[in-house]
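Undergrad: next come a sequence and a model predicted from it.
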Amino acid sequence: MALQIAIDGPAAAGKSTVAKRIADRLHYIYIDTGAMYRAVTYKALKNNMDLNDGPALAEMLRHTHIDLFAGRDGQTVILDGEDVTDVIRSPEVTNHVSFVSKHPELREVMVDRQKALAAKGGVVMDGRDIGTRVMPHADVKVFLQASVEERAERRYKEQIKKGINTPLDELKKEIALRDERDQKQLQKAEDAIVIDTTSLSIEAVTDKIMDLIKERVRSQ
Ligand code: DC
């Protein structure tokens, strides 16, 4: 069976970790749509583009190749032939991505690409508008939530492991600010199941979603 699984939610809600695990268990393709927005933001910054110019950014995206490959430690992101997997996670890109992703002209091009990637099914896709715009007919739609405090703490632990020591309070502020900027894009589909991950482990969230998928398969 080649289902479409949509996972939406705010920054640092655990979407990508959980989506990757689900894709592994099902032997499906995982598509991190946030990485695609990050890649185009990286290119715009590198080329000193005006981040307020939606039409120019959309035009640039039309001439940009973004390829996602399943690597050993997650997803490898190739932008016009350059490996940008790590650099798209830099604070510089993270703090500018909402300014690029807010433009409707650019989103239209991006959503079309993502629809094409999802067309054959057998995909787990995560992002902000997956259940509403990219895969409105997805077989399972999940909306992950968690408090700002919890998300900041998770990010903090993640960064400490990588040797980055940003104060927790700063991370809280950053996440709250990104929530505010992403508000318009962040949409819960009417038929999405909300899972609050605040006090749940990654395994527990993964199991819950796997149960939803099994239920869906049984009812088909
Ligand atoms: O999931 P993430 O933090 O890597 O996403 C990076 C940014 O991209 C996020 O601030 C909002 C934007 N985004 C979006 O607008 N629509 C998506 N489908 C995915 C991400």
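TA: Here it is on my side, so go on.

Undergrad: show me what the worst-scoring helix or strand of the chain on mean pLDDT is packed against.
TA: One helix or strand of the chain scores below all others by mean pLDDT, DSSP states H and E: strand 66-71, with a mean of 90. If contacts are counted by 3 or more CB pairs under 8 Å, 6 or more residues apart in numbering; DSSP states H and E, strand 66-71 sits against strand 29-32, helix 33-46, strand 74-79. From N, CA and C alone the C-beta is placed, and that goes for glycine too.

Undergrad: ok, which of these comes nearest the ligand?
TA: Taking CB to the nearest ligand atom, helix 33-46 is the member of the helices and strands packed on strand 66-71 nearest to the ligand, at 2.5 Å.

Undergrad: tell me which of the helices and strands packed on strand 66-71 is the most buried.
TA: With neighbours taken as mean count of other CB atoms under 10 Å, the helices and strands packed on strand 66-71 reach their highest mean count in helix 33-46, at a mean of 22.

Undergrad: let me know the next secondary structure element after that helix.
TA: Downstream of helix 33-46, the next assigned helix or strand under DSSP states H and E is helix 54-62.

Undergrad: which residues touch that following helix?
TA: 40, 43-44, 47, 49-51, 100, 103-106, 108-110 (CB atoms under 8 Å, 6 or more residues apart in numbering).

Undergrad: show me what the helix ranked longest in the chain is packed up against.
TA: Counting by DSSP state H, the longest helix found in the chain is helix 202-218. Here helix 202-218 touches strand 4-8, helix 15-26, strand 140-145, strand 193-196, going by 3+ CB pairs under 8 Å, 6+ apart.

Undergrad: mean pLDDT for the helices and strands packed on strand 66-71: which is lowest?
TA: Lowest mean pLDDT within the helices and strands packed on strand 66-71: strand 74-79, at a mean of 92.

Undergrad: beyond that one, next helix or strand please.
TA: strand 82-83.

Undergrad: contacting residues around that next one?
TA: 76-77.

Undergrad: cutoff 6 Å now
TA: For strand 82-83, there are no surrounding residues in contact (CB atoms under 6 Å, 6 or more residues apart in numbering).

Undergrad: what's the average pLDDT for it?
TA: Strand 82-83 comes out at a mean pLDDT of 96.
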